[in-house]
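[1] Give me coordinates for this.
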Amino acid sequence: SDGLVVVGASSSQLWAVIALQEPRATRLPQIPGLGAAGGAAGGDESLGISCIAVLEPRYTLSSGLEVLAAVGETVWVVDDHGATDYPLPAGCGGISQMAVAPNGAFVALACNDGRLRVMASDFSQQLSEFDSRSGVPPADVAWCGVDAVALRWEGLLLLVDPYGHWIKRGCDEPVGLVTEVDGLRVITAGGCSLLRRVPEACVQVYKPGSTAPSAQLLDARDLFDSGNAKADKILRQMGGHLQEAVQGCATAAGLELDVTRQKALLKAAIFGRAFVPSMPAGVLKDLTVKLRVLNALRDPSVGLPLTMPQLEALTLPVVVHRLVLMRQHLLAFKIASEALGGVGKQEVLLHWAAAKISASPAVPDDRLKQEIAAKMSQIERPRYAHLAAHAQSVGRRSLAIKLLEEEPSAAQQVPLLISLAKTSTSTSAGAAADADAAEDTLGRALRKAVESGDPDLVYLSLFAAYKTRSLPEFWKLVSPRAPARNLFVKYTRVKEPELLETLYTTNQLHQESADLALERALKALNSNNGSSTAGVYSRPSDDDVNKCISGLQSAAKEYAQCRDAGWQSKAANEAASLFKEQLKLERDTGQVLFVGLSLADTITTCLKLGHQRQAANLRKQFAVPDTRWYWLKISALAAAHDWDGLDLFAGERKSPIGLEPFLEVAQKHGGPREVMMRLISRMPDSRAKADAFEAIQCPREAAEVAAKLRDLDLFARIQNAVSANSPAGLAIAQIKERFQSR
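    Here you go, the predicted structure:
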């Protein structure tokens, strides 16, 4: 019902648009026998498409659109799958007009032989035929509900029923025919008339001498109102037909157009319902609401006369929508509130508010906004974004901003605020006041986006501000809002690091500049490792190392200008110096294995490879503590199995870490027993020294230490650990005799 079908004037090609809300033309299959230039393939122009009618999808077996096209004495049914022909009786002379019944079951054909033929919509049979005895084809054919077919000639309207009965009516002026579900609307320049069959329910009530239950109930109500006791007698006589009478009066009231009769029928239905407790009370209540709606629509000030069947076919939401388009906002709002339970109230108010904005150019923004907000407060979670967009479209930017302040959805609010800011900038770029207003609007958009917690909205606001503002103004807008600032930094850190560096530099953000320089330095150092084989270290190129050194120096310089960042500055400087020394080591030694090592690993590697002088220079340059130096050197000597060097180093000077670490690294790396004996012998006499000798299977030396310490328990334990007749046992016995003789 919201689409259309057209016929190509030259090609006779059928095109269908199913929905006008999203129009998309669909080409239907070509009717066989019609050439590309229209008409028949043989050139007979009289065999082109003379008229068409449409069967809506809800009435077809295929649930798809079907188009009925009259070509000569044949009706073609065209759908998505092809075209099927249905020949008409010979001699009909072709079809001049064609109309489908409102229920989709019948098709009326006005033939050129002057006859009206009514067929089933599937053309399986002809239901009736009427001879108009006119040599002139009718100008129009329309259904009057499903009860009759109207034929219109100039000055004459002929109504024909299924049984061949007819009535005619003169037409002194041009007439338009509109088929309704229950009748025919006849529209002239001076008015609108409704032709319909008198509803059966009304016939049952008002037919003279009617004994139908509904007629009896109406009489009983009239007698009851006049105080006549005969009303009770009628009710008793009706017996089990009372519910049927109530339903008949209610149905007749809904179909009746006269308000006085409606009231009389409703009173009768309510009167009878009191004696039928099983009948739901809501039926009459719903009927009363619909009658009030219909009576309001029929008022001349509204001008939308409908019957109950038409209202039920349209549905109340459609009626509300049509009233809105007619700008009958108050009536539409009342219907949505009372008959629809509030459904559609927001759409009515939005249309009313948009119309009021357009019609009130002289009303101040604050006053207009208050009037709109007072009405919109009648609904839950009103949407103001649509109104703000409308206010912007009519040039009321300030009102649009005020309305957006009431919009609860940030997703609707932020894009409009950005659009308002762009509009202000483009329309009056030279005015300082407007620039400030645009800045404030962008600030509102960014604030609302941050408050919403939606990163996409924040990025939308950020990019809009970045495109329309200079860099200092942009940063002034963004920097106070930490979430927005962090998101922008995250984006530029990945996509545009140079922009971020420029921002930090121009705004003297030394801490952030230093962090960025440090990050870039480390990224340059690791640039090759991202593509290297998993688990395998790939040495960076010399250019990358130099970039890293430059970045570290820049970071150190920026850290030096920060408060409480002295340690970071020193660490960055030392890291840069270490990379320089590592490059120098690689050049001097020809061994590419130093870059990327820590200071401790660099010194250790030098010692392992025998580069003692370079290791000493690193110790001096970086002020390596003696304790750390000793640990690094003994670990390197032991790892290189330089036992003579380890022994010599142990005797150079007094060790700041003691001699136990020397013994520990020698044991860890499998040092010879002789080396460990020499290392232990350098230790001062102590129980630990005796234990060390005992651990390397030197019981005699351990006993000597115990004797010197005059530790009887220790000596006894050592002696008991060896056999008395072994050489070590005999030597320990001699030491014991010497020890006891003193």
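[2] only C-alpha atoms for contact and neighbour calcs from this point on.
    OK.
[3] Secondary structure element holding the closest residue to residue 129 other than its chain neighbours?
    Nearest residue to residue 129, sequence neighbours excluded (Cα to Cα, 6 or more residues apart in numbering): residue 117, at 4.5 Å. Here residue 117, judged by DSSP states H and E, is contained in strand 115-120.
[4] report the angle between the axes of the next helix or strand after that strand and strand 115-120?
    Counting by DSSP H and E, the next helix or strand C-terminal to strand 115-120 is strand 126-131. Counting by axes from the mean of the first three to the mean of the last three Cα atoms, to 10 degrees, strand 126-131 lies at 170 degrees to strand 115-120.
[5] Could you pull up the mean pLDDT of strand 126-131?
    Here strand 126-131 scores 93 as its mean pLDDT.
[6] for stretch 3-18, same thing?
    On average, stretch 3-18 scores 87.
[7] before we move on, what about stretch 220-237?
    Per-residue scores along stretch 220-237 average to 91.
[8] For the strand holding residue 117, list the C-alpha coordinates in PDB.
    Taking Å, rounded to 0.1, in the frame of the first residue of the first chain, the C-alpha atoms of strand 115-120 are listed here in PDB:
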ATOM      1  CA  ARG A 115     -19.900  -5.300 -20.500                       C
ATOM      2  CA  LEU A 116     -18.600  -5.300 -16.900                       C
ATOM      3  CA  ARG A 117     -17.100  -8.700 -16.000                       C
ATOM      4  CA  VAL A 118     -16.200  -9.700 -12.400                       C
ATOM      5  CA  MET A 119     -13.600 -12.500 -12.100                       C
ATOM      6  CA  ALA A 120     -11.900 -14.300  -9.300                       C
END
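[9] For it, which strands pair with it and how are they oriented?
    Under the criterion DSSP bridges, strand 115-120 sits next to strand 106-111 (antiparallel), strand 126-131 (antiparallel) in its sheet.
[10] which outside residues touch the last one?
    What it means is strand 126-131. By Cα atoms under 8 Å, 6 or more residues apart in numbering, the surrounding residues in contact with strand 126-131 are 114, 115, 116, 117, 118, 119, 120, 160, 162, 163, 164.
[11] Would you mark the buried spots in that strand?
    Within strand 126-131, the residues scored as buried using 16 or more other Cα atoms under 10 Å are 129, 130.
[12] For the helix or strand just after that strand, which helices and strands make contact with it?
    Counting by DSSP H and E, the next helix or strand C-terminal to strand 126-131 is strand 140-144. Other helices and strands packing on strand 140-144, by 3 or more Cα pairs under 8 Å, 6 or more residues apart in numbering; DSSP states H and E, are strand 95-100, strand 106-111, strand 148-153, strand 176-180, strand 183-188.
[13] Of all these, which one comes closest to residue 465?
    Judged by Cα to Cα, the one of those that comes nearest to residue 465 is strand 176-180, at 56.3 Å.
[14] any idea of the mean pLDDT in stretch 602-609?
    Rounded mean pLDDT across stretch 602-609 is 86.
[15] picking up where we left off before, what's the mean pLDDT across the strand holding residue 117?
    94.
[16] again, but for stretch 379-397
    Rounded mean pLDDT across stretch 379-397 is 89.
[17] can you check stretch 148-160 too?
    94.
[18] how about it as PDB, C-alpha atoms only?
    Output of stretch 148-160 as PDB, limited to C-alpha atoms (Å, rounded to 0.1, in the frame of the first residue of the first chain):
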ATOM      1  CA  ALA A 148     -20.700  -3.400  -5.800                       C
ATOM      2  CA  VAL A 149     -18.700  -1.900  -8.600                       C
ATOM      3  CA  ALA A 150     -18.900   1.700  -9.700                       C
ATOM      4  CA  LEU A 151     -18.600   2.800 -13.300                       C
ATOM      5  CA  ARG A 152     -18.100   6.400 -14.100                       C
ATOM      6  CA  TRP A 153     -18.700   8.200 -17.300                       C
ATOM      7  CA  GLU A 154     -18.700  12.000 -17.800                       C
ATOM      8  CA  GLY A 155     -21.800  13.200 -15.900                       C
ATOM      9  CA  LEU A 156     -22.900   9.700 -14.800                       C
ATOM     10  CA  LEU A 157     -22.000   7.300 -11.900                       C
ATOM     11  CA  LEU A 158     -23.400   3.800 -12.200                       C
ATOM     12  CA  LEU A 159     -23.400   1.300  -9.300                       C
ATOM     13  CA  VAL A 160     -23.800  -2.400 -10.100                       C
END
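[19] starting at the chain centroid, how far to that stretch?
    Average the C-alpha atoms of stretch 148-160, do the same for its chain, and the two points are 55 Å apart (Cα atoms, centre = their mean, to the nearest Å).
[20] Give me the buried positions along that stretch.
    Neighbour-count burial for stretch 148-160, counted by 16+ other Cα under 10 Å, picks out 148, 149, 150, 151, 152, 153, 157, 158, 159, 160.
[21] Can you list the residue ranges for helices in the stretch 251-400 of the chain?
    Along the stretch 251-400 of the chain, counting by DSSP state H, counting those that start in this stretch, helices occupy 259-273, 282-297, 308-314, 316-325, 329-338, 345-359, 365-376, 385-393, 397-404.
[22] Including distance to residue 604 and mean neighbour count, could these go into CSV?
    Shown next, in CSV, are the helices of the stretch 251-400 of the chain (distance: least, Cα to Cα, whole Å; neighbours: other Cα atoms under 10 Å):
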stretch, distance to residue 604, mean neighbour count
helix 259-273, 107, 19
helix 282-297, 96, 16
helix 308-314, 91, 15
helix 316-325, 86, 18
helix 329-338, 86, 20
helix 345-359, 79, 19
helix 365-376, 78, 15
helix 385-393, 70, 21
helix 397-404, 68, 22
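[23] Save those as CSV, and put in distance to residue 594 too.
    Listed next are the helices of the stretch 251-400 of the chain as CSV, based on distance: least, Cα to Cα, whole Å:
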stretch, distance to residue 594
helix 259-273, 103
helix 282-297, 91
helix 308-314, 86
helix 316-325, 80
helix 329-338, 82
helix 345-359, 74
helix 365-376, 73
helix 385-393, 64
helix 397-404, 63
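[24] Any chance of a markdown table for the helices and strands packed on strand 140-144, columns distance to residue 445?
    Output for the helices and strands packed on strand 140-144, formatted as a markdown table (distance: least, Cα to Cα, whole Å):
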| stretch | distance to residue 445 |
| --- | --- |
| strand 95-100 | 56 |
| strand 106-111 | 60 |
| strand 148-153 | 62 |
| strand 176-180 | 51 |
| strand 183-188 | 53 |
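[25] right, so of the ones you listed, which gets closest to residue 507?
    Nearest of these (Cα to Cα): strand 176-180, 73.9 Å.
[26] how far off strand 95-100 does that closest one point, in degrees?
    Using the same axes, to 10 degrees: strand 176-180 against strand 95-100 is 40 degrees.
[27] buried ones in strand 176-180?
    By neighbour count on 16+ other Cα under 10 Å, the buried set for strand 176-180 is 177, 179, 180.
[28] Quick one: work out the angle between it and strand 183-188.
    Going by the same axes, to 10 degrees, strand 176-180 makes 160 degrees with strand 183-188.
[29] Sheet-wise, list the partners of strand 176-180 with their directions.
    When DSSP bridges is applied, strand 176-180 pairs with strand 183-188 (antiparallel).
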